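> Let's see this in three dimensions:
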Amino acid sequence: MPRRIVVREFVDEAESGRTAARPAFREMIALARTKHPPFDTILVWKLNRFARSRIDSITYKKLLKDRGIKVISMNEPLDDTPSGRMLEGVIETMDQFYSENMGEDIKRGLRESAQRGFYTGSKPPYGLHKVPAKDGTKTRYKLEPDPEDSTPVRVVRRIYDMALKGLGCKEIAKALNREGLRTGTGQLWGKTTVHKVLTNEAYCGTLILGGRPGHPALRSGIPPVRVENAWPAIVDKDTFLQIQATMASKKPQNTHPRSIPSAFLFSGLIFCSCGHAMIGRSAKSHQYYYYTCNGNFKQGREACTARALPKDKLERVIVEQIREKVLNNEWLQELVELVNKELGSSHTVLGDRLNAIDEDLNEVRLKLSRLYEALETRKVSLDDLAPRIKEQRARESELSKARLQVEAEMLVQGPSHVDGEMITAHARDLKAILEEADLITSKAFLRTFIKRIEIKGNEGIIRYTIPVPPHGKTTDRVSVLPIDTPSGDRGIRTPDLCDANAALSRLSYIPANARL
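As a prediction, this is how the structure comes out:
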């Protein structure tokens, strides 16, 4: 039987096996789905380490089996026979039952603790802190307000006072930020954080478990646990209820965002230099439309001083620059040449590494062959050769792992050449789409190659990939060198950064004389 080599270890620490959304697990499945998977067997300690959901187990094992990859449990030896597969199904069903039953036991324990007034959460709300309380031999926790003269308690009461005076969450957040007040984590106040304070009954001394929308307890029909006067209140109940009624009267009709198409061409693509997204806003009863920094909108000028940019003017300037520079034939040819040069260089480097590893492997295997020959001819005893054989075999294992890693990198990197004619033809189609297509179609096609647009003052940067047709000769994502082009200059500045994984190039798109 040939020796097997451990190629890679995938470890998800502190991640539940009840879900497939585990980083290392997803990485393992992604590698298994490549054209040439670097492994043919997956070893797990027990089947419940692979998946505790029977559906996930069946789905992913079928996917792996189709790729010629086996899943083997080290502590549950099962053969590939009808009886072995039946036993495997029984084990997986029992694992799922155990996991779900343990989850129900934990929920029941949490509900019992909450019904007795104990706080079962991790981090307490702003302005409250946990205090230990003896419960027989166990130590549990209850909540208490911070001292009366402390900043958090004064801020909470101030938030409620401003809400009683009719101020909205955004105005309250801006007022707190102007005064230099910060949240419990030292961040700026925003609409969401203020809203959480105004809707949290913990400030009335009420303990609630399982009462938030979407909580599993509500979905299963189990009523939430409510304990009134579980701890001293910071805000009286009447004030809290009055504010809830006011907020409910101002609440807009809930509509799923997918049912309302955005009229902003670059929504989701355009960002402020501070890092926040620039979102579409209207003014003067929908007479004017702007792109506004979301940080500025929610938290005020303390978060960002960027001004709102007129929608039509900004979109027109960006589209013009995409047509003239990003989809320009001459520019694309230069970019394709540069990309092909870089891709060729990267493949050459990986090829050289592969050749060097192969040379080392051949040398190690030759040494092992000589050692085995000396052993067979009894020129040297086994006791004398054993350490050297062990050393060379360990070296062979390391080199084999390194070779598989380089092969995986070559697969991930994709093709070593980009077809310039195909790119140019596709660019012509994209130009026609931008000129003639409707808003929804234009947005969809822009997102195939525009990845991010960053605005800083009157200038910006478009980050994009080479536009590759979805059904062209290749469907691999093409990595592009970072390229800087100053305003009004068609020349290429020598790249000072080479990150093939970024798959982005940069182009300054707003001329110096174009005012926004």
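> Run a quick neighbour tally on the residue lying closest to Ser273 once chain neighbours are set aside.
In this structure, Ser273 finds its nearest non-sequential neighbour in Lys456, 3.8 Å apart by CB to CB, 6 or more residues apart in numbering. Backbone N, C-alpha and C define where each C-beta goes, glycine included. Applying other CB atoms under 10 Å, we find 13 residues neighbouring Lys456.
> these two touch, right, Lys456 and Cys274?
No: under the criterion of CB atoms under 8 Å, Lys456 makes no contact with Cys274, lying 9.2 Å away.
> Specify the beta-bridge partners of Val131.
Lys142 (DSSP bridges).
> what's the neighbour count on it?
Neighbours of Val131 (other CB under 10 Å): 12.
> correct me, but it touches Pro145?
No: counting by CB under 8 Å, Val131 stays clear of Pro145, with 10.7 Å between them.
> State the pLDDT value of Gly186.
Looking at Gly186, its pLDDT is 90.
> Now for it, how many residues are close by?
Gly186, neighbours per other CB under 10 Å, totals 6.
> do the same with Pro232
Neighbours of Pro232 (other CB under 10 Å): 10.
> And Glu373, by the same measure?
10.
> Backbone dihedrals for it, please?
Backbone torsions for Glu373, taken as degrees, to the nearest 10, come to phi -60, psi -40.
> Distance of it relative to Asp384?
From Glu373 across to Asp384, the span is 14 Å (CB to CB, to the nearest Å).
> Same question for His36.
41 Å.
> burial measure for Gln115, as a count.
13.
> Please give me every residue in contact with it.
For Gln115, the contact set (CB atoms under 8 Å, 6 or more residues apart in numbering) comprises Val225, Val227.
> Repeat that for the one 4 residues further on.
Contact criterion CB under 8 Å, 6+ apart gives Lys130, Arg140, Tyr141, Lys142, Leu143, Leu207, Ala230 as the residues in contact with Tyr119.
> Let's see that with 7 Å instead.
Applying CB atoms under 7 Å, 6 or more residues apart in numbering to Tyr119 gives the contacts Lys130, Tyr141, Lys142, Leu143, Leu207.
> Any of these buried? List them.
Buried members of the contacts of Tyr119, scored by 16 or more other CB atoms under 10 Å, are Tyr141, Leu143, Leu207.
> Using TSV, please lay out those together with pLDDT and distance to Ile318.
What follows is these, written out as TSV (pLDDT from 0 to 100; distance: CB to CB, whole Å):
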residue	pLDDT	distance to Ile318
Tyr141	90	53
Leu143	92	51
Leu207	90	52
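> of those, closest to Cys293?
Each of the buried ones among the contacts of Tyr119 was scored against Cys293 by CB to CB, and Leu143 proved nearest at 36.4 Å.
> May I ask which helix or strand of the protein has the lowest mean pLDDT?
Within the chain, no helix or strand scores below strand 505-508, which has a mean of 34 by mean pLDDT, DSSP states H and E.
> Tell me which stretches of the stretch 351-500 of the chain form strands.
Remark: strands assigned in the stretch 351-500 of the chain by DSSP state E, counting those that start in this stretch are 450-456, 459-464.
> what ranges do the helices span in the stretch 351-500 of the chain?
Using DSSP state H, counting those that start in this stretch, the helices of the stretch 351-500 of the chain run over 382-413, 420-436, 439-446.
> let me fix that: the stretch 51-200 of the chain
Applying DSSP H, counting those that start in this stretch to the stretch 51-200 of the chain gives helices spanning 54-66, 82-115, 151-164, 169-178, 191-198.
> Comparing the ones you listed, which yields the minimum mean pLDDT?
Taking the mean pLDDT of the helices of the stretch 51-200 of the chain, helix 82-115 comes last: a mean of 76.
> tilt between that helix and helix 54-66?
Interaxial angle, helix 82-115 versus helix 54-66 (axes from the mean of the first three to the mean of the last three CA atoms, to 10 degrees): 140 degrees.
> got the buried residues for helix 82-115?
Across helix 82-115, burial judged by 16+ other CB under 10 Å covers Glu88, Ile91, Glu92, Asp95, Gln96, Lys107, Leu110, Arg111, Ser113, Ala114.
> One more: stretch 47-58?
The neighbour-count check on stretch 47-58 (16+ other CB under 10 Å) flags Leu47, Asn48, Arg49, Phe50, Ala51, Arg52, Ser53, Asp56, Ser57 as buried.
> ditto for stretch 277-284
Residues Met278, Ile279, Gly280 are the ones in stretch 277-284 that count as buried (16+ other CB under 10 Å).
> The residue nearest to Gln187 when sequence neighbours are not counted: how many residues sit nearby?
Nearest non-adjacent residue to Gln187, counting by CB to CB, 6+ apart: Thr193, 7.7 Å away. Neighbour count for Thr193, taken as other CB under 10 Å: 22.
> Quick check, Thr193 in contact with Thr185.
No: Thr193 is beyond contact range of Thr185, at 9.4 Å (criterion: CB atoms under 7 Å).
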